[in-house]
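S.K.: Sharing a model prediction with you, sequence too.
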Amino acid sequence: MSLFTVDQEKCKHDGICVDECPLGIIKLEDKESVPVPIESAEDLCINCGHCVAVCPDGALSHKNMTPEQCPPVRKELLLNAEQAEHFLRARRSVRVYKDKPVDRETITKLIDIARFAPSGHNRQPVKWLVIYDSDEVQRLAGLVVDWMRYMLKEQPEMAAALNMDRVVKSWESGIDGICRSAPHVIVAHAPEENPTAPTSGTIALTYLELAAQPLGLGACWAGFFNAGATMWPPMQKALNLPQGHISLGAMMVGYPKYKYHRLPLRNEAEIAWR
């Protein structure tokens, strides 16, 4: 099959797919012909689906996706500017959770939404590890505390800057400052050799955090957890990521114990115009 096919009866010869193709691999000879791929299109295509998604008439079918396979944009579900602002401002980093596990189907749905996050060159490098068992979450948190003890001894200035002494003391008194007693932790990981992976992981985890609230969940970036996963060999061994993979970030997930009722303030944006 060709990289894409065009239904000649549906095509309006408007060239929208040509304009929208990120790699410029679609050409339109004239207003009487239909779009065709350039000679090197097969090698250059990143399978982003823009050509299928942007055609208003559903005339173009990519070899990996057809218009029928791609759900239509539902205008009634799109947020207006006020709704979008409120949704984003209402997002909170949840650090107090109910002692209740989240069912696997909901976590799977959460990750399924996050997989649509943009990635460099559409490489989609991010893979997911769900630390589902709460006892395992606590075991891993304990390894992070071990790393902090090491840092307090070997790199005291950095440890002091991150208040690691307080976190360790809290842990020893029964308070989890690593994972906040969240029932689950989700780790994003990818091959270390992939240059797009760190940014892709950050964006995907951001999607995941934003998607948590509409699903009734709370989430919070597990910064100490990820630091241990990237710097502490015992933690890396315990995570047992695929060979050559690194942790890109971790997210605590669970049901929030409390609800928020107001939108807190933030610093004014500092904007430079050129």
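M.R.: Received, thanks. Numbering: from 1, shown residues only.

S.K.: Nearest the middle, which residue of the chain would you pick?
M.R.: In the chain, the centroid-proximal residue (Cα atoms, centre = their mean) is residue 204; its distance is 1.1 Å.

S.K.: Against residue 98, how distant is that residue?
M.R.: Residue 204 sits 26 Å away from residue 98 when distances are taken as Cβ to Cβ, to the nearest Å. For the C-beta atoms, the positions are set from N, CA and C on the backbone; glycine is no exception.

S.K.: what does residue 5 give?
M.R.: The spacing between residue 5 and residue 98, counted by Cβ to Cβ, is 51 Å.

S.K.: Same check on residue 53?
M.R.: Applying Cβ to Cβ, the value for residue 53 to residue 98 is 39 Å.

S.K.: Does the residue lying farthest from the centre of the chain lie in a helix or a strand, and which?
M.R.: Relative to the mean C-alpha coordinate of the chain, counting by Cα atoms, centre = their mean, the farthest residue is residue 32 (42.5 Å). Using DSSP states H and E, residue 32 maps to neither a helix nor a strand.

S.K.: quick one: contacts for it?
M.R.: With contact taken as Cβ atoms under 8 Å, 6 or more residues apart in numbering, residue 32 is in contact with residue 13.

S.K.: How about the one 3 residues further on?
M.R.: With contacts defined as Cβ under 8 Å, 6+ apart, residue 35 is in contact with 4, 6, 11, 15, 17-18, 26-28, 60.

S.K.: List only buried entries from these.
M.R.: A residue is treated as buried here by neighbour count (16 or more other Cβ atoms under 10 Å); on that basis the buried members of the contacts of residue 35 are 4, 6, 11, 17, 26, 28, 60.

S.K.: Just to be sure, which of those are found in helices?
M.R.: In helices, judged by DSSP state H, the following of the buried ones among the contacts of residue 35 are found: residue 17.

S.K.: Out of the buried ones among the contacts of residue 35, which comes closest to residue 126?
M.R.: residue 4 (26.3 Å; Cβ to Cβ).

S.K.: any idea how far residue 4 is from residue 33?
M.R.: Computed with Cβ to Cβ, the distance linking residue 4 and residue 33 is 14 Å.
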